[in-house]
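Please find the sequence and the predicted model below.
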Amino acid sequence: MVERTRGIDIACHGILILGGLLVCLPIYFAFVVGSHTVSEVLTVPPPWLPGHAFFANAATAWEKGNLGRLFVNSFIVAVGIAVGKIAVSLLSAFAVAYFRFRWRMLAFWLIFVSLMLPVEVRILPTYEAVANVALPLQWLIDALDVGRWLGIEIALDWNMMNSYGGLILPLIASATATFLFRQFFLTVPEELAEAARIDGASPLRFFWSVLLPLSVSNIVALGIILFLYGWNQYLWPLLFTTDKSMATAVVGLKDLIPQSDTEPAWNIAMNAALLVMLPPVVVVVALQRWLVKGLVDAGK
Amino acid sequence: MRASTSLSPAIPGPVVTAPRQRRPTPAGGTRGLKRSHFREARLPFLLLLPQLLVLLLFFFIPALRALSQSFVLTDPFGNSVQFVWFDNFRRLLASPEYRASIGVTFWFTLAQNALTIVVSLVLAFATDRILRGRGFYRSIILLPYAIAPVIAGILWAFLFNTAVGPISFILHGVGIDWDPNRHGIDAFLLVTFAASWKHICYDYIFLIAALLSVPASLLEAAAVDGAGPLLRFARISLPMIGPTIFFLVVMNFVYGFFETFAIVDAVTHGGPGGATMILVYKVYIDGFVHIDLGSSAAQSVLMMIFALVLTVLQFRYVERNVNYDV
């Protein structure tokens, strides 16, 4: 820094320690409660220090919440969403940045407009769309009266509820990721495409052998953010999984939270909360540098 | 240079055009297009197909359905459908519950936004000042980014739970009648804290990156002129990171409006007495619990309009920072 200001520096450390404590406070108490028995949790005053029943509670939570199965679901969904979003966005960004074709700007705007339609504002119709993906096709068939020509009644029904497809597919369109890759492609030197063409490479060859290797660091950074996004999804899996064994860990957690008329097993619930947040926390702590890069890049 | 016209468009391969040359662009325009690009008619459509298909099925058709449903009245059994023009909207805007929900959402997003920005600014300023331990503090403050909003809600709901929560124990001890199940204001504060706690890390990361990009020479010159750290922050750093703050305020609104659904669902279910019934939660309740399709669709449409405004604001930030004509 420019000058030495002891007082302010100490104050800054004080502020940061305070901030850190505020961040840790809820996590610490989740750990405290998660390591006590129910009767200890209900004592007055409540326990302030960790107890000894953490692993016993973890075992109970794991079994009671069917967390083994839900963790597998969460992993599949989170990885599926991350990989799907990146693949779909890379291809679209490549098309928009590297090809000159009719409707190019239209495609660009269609993707951009989707930013205005967050899941939350179109819950009900999207729910219907997933309950029967073939619905638009059905309308088309009804409108054209195809059934009468063929002499049969056509009733299409493709229900994606309670399937990994239903949990993943509606979430893999991403305007943000498409923009990120497009911006990156625009900074790639023009000479590379020219050289590839002179060497006789097809567009796909160029994409696969030149662009993709160049994008690795962006893909990793974005992949981390999208993994967290997928793991932490709530509304979507809540609506589309009526079958409890197809729920994700975050959604399943809610069933463990004591309601007013049940046994107040907060120790189990908080222990489970810690378990469910563990994978993303490990990702954030271990891959922090990449996460920060991804966040700042995606915001640009 | 006539390189681009001398090549037949039928031959796939990059077309090199001179950077300054602006020809009439019948096919698509060249904004944001690489100078050395390919010309193929079908391949780009195939590349775009997956994204556009998903968008069509799960974004555009549902949005259009919400739009069409918002103008009709469907009876609960789905037998009769009646076109009612703007009746759903009129009914919605006249209903006291919806007006109350707008008010709650307004104050909630505002409080959450202010709390998040101020705290993250203070933390970012402090981090920017210190020399040692930056990485350590950053790791800790970044933790909530990993935590799902619903889990953040559960953690805070426990802390302030009237029966078992340690913080409400302290509050009761000093004579505060804390009860988020009965007092609307308590529930409102609880949801606001949980939402801000979860989101401070996001703003913090951006502010640190922005503060690092403030030119050191400016700060040093000001220091030589006798400006102290706080004055330099207020007069130099803050104006220079203005666009970032603007962007973060917009992002905080987006977060507050749409992503806090899980927190409300975990902590208060919109209660007590609608004190935390934010708009996204109301769409969900009206659509899935009360099965009032027309009203839910009308609410969706109003929120889409609102999301449109936020997106335009967001785009202004993007435009200011990124030069599309490469």
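Happy to help now that I have it. Numbering: from 1, shown residues only, chains lettered A, B, ... in the order given.

pLDDT value on the closest residue to B:Gly165 other than its chain neighbours, please?
Beyond its immediate neighbours in the sequence, the residue positioned closest to B:Gly165 (CB to CB, 6 or more residues apart in numbering or on different chains) is B:Leu159, lying 5.1 Å away. C-beta here means a position set from N, CA and C on the backbone, and glycine is covered the same way. Looking at B:Leu159, its pLDDT is 90.

Do a quick rundown of the helices in the stretch 201-326 of chain B.
Applying DSSP state H, counting those that start in this stretch to the stretch 201-326 of chain B gives helices spanning B:216-224, B:229-232, B:238-240, B:242-254, B:261-267, B:279-284, B:293-321.

what mean pLDDT does the helix or strand hosting A:Met270 have?
With elements taken from DSSP states H and E, the one containing A:Met270 is helix A:266-286. The predicted model assigns helix A:266-286 a mean pLDDT of 89.

With chain B in mind, check whether it reaches it.
Yes. Among the residues of helix A:266-286, A:Trp266, A:Ala269, A:Met270, A:Ala273, A:Val276, A:Met277, A:Pro280, A:Val281, A:Val283, A:Val284, A:Val285 lie within reach of chain B under CB under 8 Å from any CB of the partner chain.

Turn the helices of the stretch 201-326 of chain B into CSV, columns for distance to B:Phe106, mean pLDDT and mean neighbour count.
Formatted as CSV, the helices of the stretch 201-326 of chain B follow (distance: least, CB to CB, whole Å; pLDDT from 0 to 100; neighbours: other CB atoms under 10 Å in any protein chain shown):
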stretch, distance to B:Phe106, mean pLDDT, mean neighbour count
helix B:216-224, 38, 88, 14
helix B:229-232, 32, 86, 16
helix B:238-240, 26, 87, 14
helix B:242-254, 11, 86, 19
helix B:261-267, 15, 89, 26
helix B:279-284, 10, 88, 25
helix B:293-321, 11, 77, 19
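
Can I get stretch A:229-246 in CSV, CA atoms only?
Included here for stretch A:229-246 are C-alpha records, laid out as CSV according to Å, rounded to 0.1, in the frame of the first residue of the first chain:
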residue,chain,number,x,y,z
TYR,A,229,-25.8,-24.4,-9.8
GLY,A,230,-27.0,-27.9,-10.6
TRP,A,231,-26.3,-29.3,-7.2
ASN,A,232,-28.1,-26.4,-5.5
GLN,A,233,-31.2,-26.4,-7.7
TYR,A,234,-34.4,-26.4,-5.7
LEU,A,235,-37.6,-25.3,-7.3
TRP,A,236,-37.2,-27.4,-10.4
PRO,A,237,-36.5,-30.8,-8.8
LEU,A,238,-39.1,-30.0,-6.2
LEU,A,239,-41.8,-29.7,-8.8
PHE,A,240,-40.7,-32.4,-11.2
THR,A,241,-40.0,-35.2,-8.8
THR,A,242,-43.1,-36.6,-7.2
ASP,A,243,-41.3,-39.9,-6.7
LYS,A,244,-39.1,-39.4,-3.6
SER,A,245,-36.4,-41.7,-4.8
MET,A,246,-35.8,-39.4,-7.9
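
Quick one: mean pLDDT over that stretch.
In this model, stretch A:229-246 has a mean pLDDT of 86.

Please apply the same query to stretch B:43-60.
Stretch B:43-60 carries an average pLDDT of 88.

same check, this time on stretch A:21-34
The predicted confidence, averaged over stretch A:21-34, sits at 90.

Same check on stretch A:136-146?
Across stretch A:136-146, the average pLDDT comes to 72.

got the buried residues for that stretch?
Residues of stretch A:136-146 classed as buried: A:Ile141 (neighbour count, 16 or more other CB atoms under 10 Å in any protein chain shown).

Ok, stretch A:28-39 next?
For stretch A:28-39, the buried set under the neighbour-count rule, 16+ other CB under 10 Å, comprises A:Phe29, A:Ala30, A:Phe31, A:Val32, A:Val33, A:Gly34, A:Ser35, A:His36, A:Val38.

Stretch A:17-28 now?
Within stretch A:17-28, the residues that qualify as buried are A:Gly19, A:Gly20, A:Leu22, A:Val23, A:Leu25, A:Pro26, A:Ile27, counting by 16+ other CB under 10 Å.

Excluding chain neighbours, give the residue nearest to the residue positioned nearest the centre of chain B in space.
By CA atoms, centre = their mean, the mean C-alpha position of chain B lies nearest to B:Val254, the distance being 2.4 Å. Residue nearest to B:Val254 in three dimensions, not counting chain neighbours: B:Leu310, with 5.5 Å by CB to CB, 6+ apart.

residues in contact with the one you found?
Contacts here follow CB atoms under 8 Å, 6 or more residues apart in numbering or on different chains; on that basis B:Leu310 touches B:Val250, B:Phe253, B:Val254, B:Phe257.

Quick check: the farthest pair among these?
Greatest spatial distance among the contacts of B:Leu310 (CB to CB): B:Val250 and B:Phe257, at 10.8 Å.

quick one, strands of the stretch 201-300 of chain A?
Using DSSP state E, counting those that start in this stretch, the strands of the stretch 201-300 of chain A do not appear at all; there are none.

need the residues of it near chain B, please.
Within the stretch 201-300 of chain A, the positions near chain B by CB under 8 Å from any CB are A:202-204, A:228, A:231-232, A:234-235, A:238-239, A:250, A:253-254, A:257, A:264, A:266, A:269-270, A:273, A:276-277, A:280-281, A:283-285, A:288, A:291-292, A:295-296, A:299-300.

The helix or strand harbouring A:Met105 packs against which elements?
According to DSSP H and E, A:Met105 maps onto helix A:104-113. Contact partners of helix A:104-113 among helices and strands, from 3 or more CB pairs under 8 Å, 6 or more residues apart in numbering or on different chains; DSSP states H and E: helix A:67-98, helix A:175-187, helix B:43-55.

Which strands and helices lie in contact with the helix or strand just after that helix?
Counting by DSSP H and E, the element after helix A:104-113 in chain order, helix or strand, is helix A:123-131. Contacts of helix A:123-131 with other secondary structure elements, assessed using 3+ CB pairs under 8 Å, 6+ apart, are made with helix A:235-240, helix B:61-69, helix B:279-284, helix B:293-321.

Just the CA trace of helix A:123-131, in PDB.
What follows is the C-alpha trace of helix A:123-131 in PDB, where atoms were taken according to Å, rounded to 0.1, in the frame of the first residue of the first chain:
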ATOM      1  CA  ILE A 123     -43.300 -22.500 -13.500                       C
ATOM      2  CA  LEU A 124     -46.800 -23.700 -14.300                       C
ATOM      3  CA  PRO A 125     -46.600 -23.900 -18.100                       C
ATOM      4  CA  THR A 126     -43.100 -25.400 -18.000                       C
ATOM      5  CA  TYR A 127     -44.400 -28.000 -15.600                       C
ATOM      6  CA  GLU A 128     -47.000 -28.900 -18.200                       C
ATOM      7  CA  ALA A 129     -44.300 -28.900 -20.900                       C
ATOM      8  CA  VAL A 130     -42.300 -31.500 -18.900                       C
ATOM      9  CA  ALA A 131     -45.300 -33.500 -18.000                       C
END
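
Look up how far A:Pro264 lies from A:Ser245.
Here A:Ser245 is placed at a distance of 26 Å from A:Pro264 (CB to CB, to the nearest Å).

sorry, back to before: hmm, which of the residues of the stretch 201-300 of chain A next to chain B are the buried ones?
Applying 16+ other CB under 10 Å to those, the neighbour count classes A:203, A:228, A:231-232, A:234-235, A:238-239, A:250, A:253-254, A:257, A:264, A:266, A:269-270, A:273, A:276-277, A:280-281, A:283-284, A:288, A:291-292, A:295-296, A:299 as buried.
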